[in-house]
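Student: Here you go, sequence then predicted model.
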Amino acid sequence: MTFDASIYAKAYYQNILPSPGNDYPRLKAWEFLYEYIWDESRTNWADLISEDQIETTALHIGFYLANWGMFRGSSGLLQNSNLELMKALAKLLFEGQGPELLELSMDDFAPGAPKLVYHQTLMDSVLDSMESLASNVSWTATLKTKILMGVWGECPALDRFYIAACRDLFPRRPFITTASGKGLTALAGVVRELNAPTLHLETGRLKLPYPTARVMDMALFQYGLEIA
């Protein structure tokens, strides 16, 4: 079959927009975090974890994760975390290797891209480093990729619907369902092979373009939801 990502991404996007009886749609939460992180008035990643800003950054990350279901189930966040963990997570993301990863796009992970192995290793390192924050939290692939989706936008969130879609559409690409640099390269390869027109979506307030990985995440989630 031919997978038209734009059809499914548009269907998902409709659920982000306010509608009669749903003035405050839940799925808008990604935009609030993404716009906060990528507000062009900031000139330095360190601004997000400065003394007068880190609590706001932590609250944004924590609310987004709660909104996306990460404080329920077996992750342990609900029982074993508070604002201090979100502050520690913010410091991990916006200092050290984090900013180096955030400056990359999915194109930097495409097959044949310059420094591809280095970029894959960098992403793996940032993902792995999250596990050092709290030993009583289950740092699943879903949790870690939802964090990167929120603050970076260049990594899909590996929830069950995304995984179901990939296994149905791309069964010969096992890496595409792993939280890793190779997994992002697999997705970038699919995007290249689909050769579909780019779907131009913007956030509501700052008019920031949706990253390609975010659009693909939306499309594959919607497809997986429909075949579930």
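Tutor: Perfect, thanks for sending it.
Student: dump the residue contacts of residue 228.
Tutor: Residue 228 sits next to 161, 164 when contact means Cβ atoms under 8 Å, 6 or more residues apart in numbering. (C-beta placed from N, C-alpha, C; glycine too.)
Student: go with 10 Å
Tutor: The contact partners of residue 228, by Cβ atoms under 10 Å, 6 or more residues apart in numbering, come to 160, 161, 164, 165.
Student: For residue 76, grab phi and psi.
Tutor: Backbone dihedrals for residue 76, given as degrees, to the nearest 10, come out at phi 90, psi 0.
Student: burial measure for it, as a count.
Tutor: 17 (other Cβ atoms under 10 Å).
Student: where are the low-confidence patches of this structure?
Tutor: The model of the chain has pLDDT under 70 over residues 1, 73-74, 196-198.
Student: which of the contacts of residue 228 tops the neighbour count?
Tutor: The member of these that has the most neighbours, counting by other Cβ under 10 Å, is residue 165 with 26 neighbours.
Student: quick check, that residue in a helix?
Tutor: Yes. Checked against DSSP: H, G, I helix; E, B strand; the rest coil, residue 165 lies within a helix.
Student: Isn't it up against residue 173?
Tutor: No. Under the criterion of Cβ atoms under 10 Å, residue 165 lies out of contact with residue 173, with a separation of 11.9 Å.
Student: if I pick the residue nearest the centre of the chain, what's in contact with it?
Tutor: Residue closest to the average C-alpha location in the chain (Cα atoms, centre = their mean): residue 149, at 1.0 Å. Contacts here follow Cβ under 10 Å, 6+ apart; on that basis residue 149 touches 30, 33-34, 64, 68, 155-159, 211, 213-214, 217.
Student: quick revisit: which one of the contacts of residue 228 sits closest to residue 10?
Tutor: Sorting those by how near they are to residue 10, with Cβ to Cβ, puts residue 165 at the top with 15.6 Å.
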